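K.L.:
the sequence and its predicted three-dimensional model are supplied below.
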Amino acid sequence: MSEYIEKILKDIKAKNQNEPEFHQAVQEVLESLEIVLQRHPEYRSLKILERMVEPERVIMFRVPWMDDQGEIQINRGYRIEMNSAIGPYKGGLRFHPSVTLGILKFLAFEQVFKNSLTTLPMGGGKGGSDFNTKGKSDNEIMRFCQSFMTELCRHIGPNTDVPAGDIGVGTREIGFLYGQYKRIRNESTGVLTGKGINWGGSLIRPEATGYGCVYFAEEMLKTKKTTFDGKVVAVSGFGNVAWGAVQKVNELGGKVVTLSGPDGYIYDPDGVKGEKVDYMLKLRSSNKDAVEDYAKEYKVKFVPSKKPWDMKVDVALPCATQNEIYEEDAKELLKNGCFCVCEGANMPTTIEAYNIFRDAKILYAPGKASNAGGVATSGLEMSQNSMRLPWSKEEVDRRLHEIMIRIHNTCITTAERFGTPGNYVNGANIAGFLKVADAMMDQGLV
């Protein structure tokens, strides 16, 4: 690592203490950009990297709301508007107790590159709150969302910042947020994505991240002259991303044998298919945040307090959350024959685990490329809202598939162009960076 990159990382850690996820995300990107800086010293002289790692705007606010017992509760709300060089800020809202400023900065930073790769005109942002939707009534969630949007509404708009859903924020929460925005601003616009189908939402949006991840993995497998047909697949998580991934793997002839939650993972040797895919929706709606009920329902193996990376599989699709594959997990996957890891979640692989995959030369795709299907479909929803014209499920799916193929091809060609053929991490980081960096240069000191 060059002295220049080391200095930037040192400064970031000094300025952003106790934010390890943000440090990790920045380090992974900067390490890929060494060769770019050698070929293009103008990026260094104009301090593009130093500007890119600083959010354009950080909004933090209190969110008071009243619970069903009449007690006032107070949470903290955030919106990180990271970079708008190529379009309005775009990125989800996450409602979860784990939400902190550092988590959202890492997600917003990743979002900049992810949105760049989609080829759609979207900048990067992220937001949310440490509010926990689990165990709350619909009325409590509504009152929280209304309070949250009362402050957020002054910072967002269809041409400024367009939030979406993320962990803890589904169609219900988006509906409450959108209703409050309309009430305050007296306008009906495409200010949020992930809306209900009857009021501006896009078909297949809930499944889109999972669909896109599998489409990307399909292209990766083609480089080895193979397909999903007959492949055994490990999936982590059981939310929207995992649900979409399971559907698409089944459609392409593969067999998903695992799902996971905070309580552990299930192993289903017959595959998660048919009515079992629908049962995933029941698991989500139960608000238990657990997968053991699947094992009881279908009489399959449940492994408590572990991730599903110790099973014999061909392909791994981590679709849960950040840093769920550690170094030992990576070694287990390789030992059991896994030759393709395609991230459906944001940064689910630690740097140490990535190094294991890289050195083994297996197929490995970072989330900023392989899970871009969700935000890409959000971009398609924005287009439909602007045109006041809904598209069919088939049309949205076709456009999503085309976008994921383009992202895959961009990663491959960019990696080759910069001397690291087959390295999806370098390809994604460099391609995402170049588009944003050139836009920043064109626009002057922004």
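P.N.:
Looks like it came in fine.

K.L.:
surely Cys338 and Met311 touch.
P.N.:
No - the criterion here is Cβ atoms under 8 Å, and Cys338 misses it with Met311 at 9.1 Å. In short, each C-beta sits where N, CA and C put it, glycine included.

K.L.:
what about these two, which has more around it?
P.N.:
Cys338 (24 against 20; other Cβ atoms under 10 Å).

K.L.:
list the contacts of the more buried one.
P.N.:
The neighbours of Cys338, taking Cβ atoms under 8 Å, 6 or more residues apart in numbering as the test, are 234, 313-316, 362.

K.L.:
hmm, try it at 6 Å
P.N.:
313, 316 (Cβ atoms under 6 Å, 6 or more residues apart in numbering).

K.L.:
can you check the one 5 residues further on too?
P.N.:
The contact partners of Glu343, by Cβ under 6 Å, 6+ apart, come to 318, 366-367, 370-371.

K.L.:
would you mind confirming that Lys114 is in contact with Ala369?
P.N.:
No - under the criterion of Cβ atoms under 6 Å, Lys114 is not in contact with Ala369, lying 7.4 Å apart.

K.L.:
still on that earlier bit, most widely separated two among the contacts of Glu343?
P.N.:
Pro318 and Pro366 (11.0 Å; Cβ to Cβ).

K.L.:
buried residues in stretch 144-154?
P.N.:
By neighbour count with 16 or more other Cβ atoms under 10 Å, stretch 144-154 contains the buried residues 144-150, 152-153.

K.L.:
need those residues in a markdown table (columns: secondary structure and pLDDT).
P.N.:
Shown next, in a markdown table, are those (DSSP: H, G, I helix; E, B strand; the rest coil; pLDDT from 0 to 100):
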| residue | secondary structure | pLDDT |
| --- | --- | --- |
| Phe144 | helix | 98 |
| Cys145 | helix | 98 |
| Gln146 | helix | 98 |
| Ser147 | helix | 98 |
| Phe148 | helix | 98 |
| Met149 | helix | 98 |
| Thr150 | helix | 98 |
| Leu152 | helix | 98 |
| Cys153 | coil | 98 |
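
K.L.:
and of the residues you listed, the nearest to Leu192?
P.N.:
Met149 (9.3 Å).

K.L.:
from Gly212, how far out is that closest one?
P.N.:
28 Å (Cβ to Cβ, to the nearest Å).

K.L.:
and the buried residues of stretch 144-154, which two are the farthest apart?
P.N.:
Going by Cβ to Cβ, the pair spanning the buried residues of stretch 144-154 furthest: Phe144 and Cys153, at 14.7 Å.

K.L.:
any stretches of this structure with poor pLDDT?
P.N.:
Low-confidence segments of the chain, defined by pLDDT under 70: none present.

K.L.:
center of it, which residue is that?
P.N.:
Central residue of the chain (Cα atoms, centre = their mean): Asn346, 4.4 Å from the mean position.

K.L.:
and for the nearest residue to that one once chain neighbours are set aside, the neighbour number?
P.N.:
Nearest residue to Asn346, sequence neighbours excluded (Cβ to Cβ, 6 or more residues apart in numbering): Gly367, at 5.0 Å. If you count neighbours by other Cβ under 10 Å, Gly367 ends up with 24.

K.L.:
cool, and Lys255?
P.N.:
19.

K.L.:
then the one 3 residues further on?
P.N.:
Other residues within reach of Thr258, judged by other Cβ under 10 Å, total 29.
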